[in-house]
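J.: sequence unknown, structure follows:
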Ligand code: DX5
Ligand code: ZN
């Protein structure tokens, strides 16, 4: 898994869904490190997107790791299917089930990296006593459900807190920011301690010929 900093993880949610394979190939060719896949169930969040069959179909098109963000509850019954479909990182929200630690351990047992995703209102304490079982934390800088929303600068404090927690514990945890990320706020995210940036709108705007420049603009921050 490539771990240069920052890791750029474009969100497929902003792609043309009628041409997903081609879009994924274009994103990989444009220099993306990971592909962020937003999975929504219409219940945990008010939108419905894609599931394991689509991820499996996409897997054949690109080699970069799939960074799968599960906005579904419950998540536990579906972990294996997402892993089998090709997920390399699987992030779940603490609100998705009663046993966050068991879920993270299960994700690792399946051979994927375990991520914990925080809504803007979710405090970081949920992982205070289980940092060693977490590979990635995902700080949502919008309320989950839709692409194209405005970045919430209030979440930078959470990025900082999580980064401090990981450093104090001496753990190499990826700190990912997701939602409304643009070249204008990417620097602030990285300064706060982010090591991975998810971006949908900012990467997919302008069509395929613009993807490389859009990714480079985020990296340049
Ligand atoms: C929101 C998703 C994000 C989002 C990113 O629920 O988790 O990944 O689609 O898209 P932009 O960058 O457009 O906010
Ligand atoms: Zn996401």
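T.: All right, it came through fine. Everything numeric in this text was worked out from a predicted model, so none of it was measured. Ligands and ions are numbered 1, 2, ... in the order given.

J.: Only C-alpha atoms from now on, for both contacts and neighbour counts.
T.: OK.

J.: Tell me, how many residues neighbour residue 102?
T.: Using other C-alpha atoms under 10 Å, the number of residues around residue 102 comes to 13.

J.: Dihedrals phi and psi, it?
T.: Backbone torsions of residue 102, given as degrees, to the nearest 10, read phi -60, psi -40.

J.: Helices of the chain, start to end?
T.: 20-29, 52-59, 79-85, 100-109, 156-168, 183-192, 201-204, 211-220 (DSSP state H).

J.: Return the set of buried residues in the second one.
T.: Neighbour counts over helix 52-59 (16 or more other C-alpha atoms under 10 Å) mark 52, 55, 56, 58, 59 as buried.

J.: Need the residues that contact that helix.
T.: For helix 52-59, contacts defined as C-alpha atoms under 8 Å, 6 or more residues apart in numbering pick out 20, 21, 24, 81, 82, 84, 85, 86, 87.

J.: Please report the distance of the nearest residue to residue 132 once chain neighbours are set aside from ligand 1.
T.: Using C-alpha to C-alpha, 6 or more residues apart in numbering and skipping the chain neighbours, the partner closest in space to residue 132 is residue 171 (7.2 Å). To ligand 1, residue 171 is 25 Å away according to C-alpha to the nearest ligand atom, to the nearest Å.

J.: Residue 171 - how many residues pack around it?
T.: Residue 171: 14 surrounding residues under other C-alpha under 10 Å.

J.: Kindly list the main-chain dihedrals of it?
T.: With angles defined as degrees, to the nearest 10, residue 171 sits at phi -110, psi 140.

J.: any idea how far the residue lying closest to residue 10 once chain neighbours are set aside is from ligand 1?
T.: Using C-alpha to C-alpha, 6+ apart and skipping the chain neighbours, the partner closest in space to residue 10 is residue 199 (4.9 Å). Counting by C-alpha to the nearest ligand atom, the gap from residue 199 to ligand 1 is 4 Å.

J.: Can you report how many residues neighbour residue 199?
T.: Neighbour count for residue 199, taken as other C-alpha under 10 Å: 30.

J.: Same question for the one 3 residues further on.
T.: For residue 202, the neighbour count with other C-alpha under 10 Å is 21.
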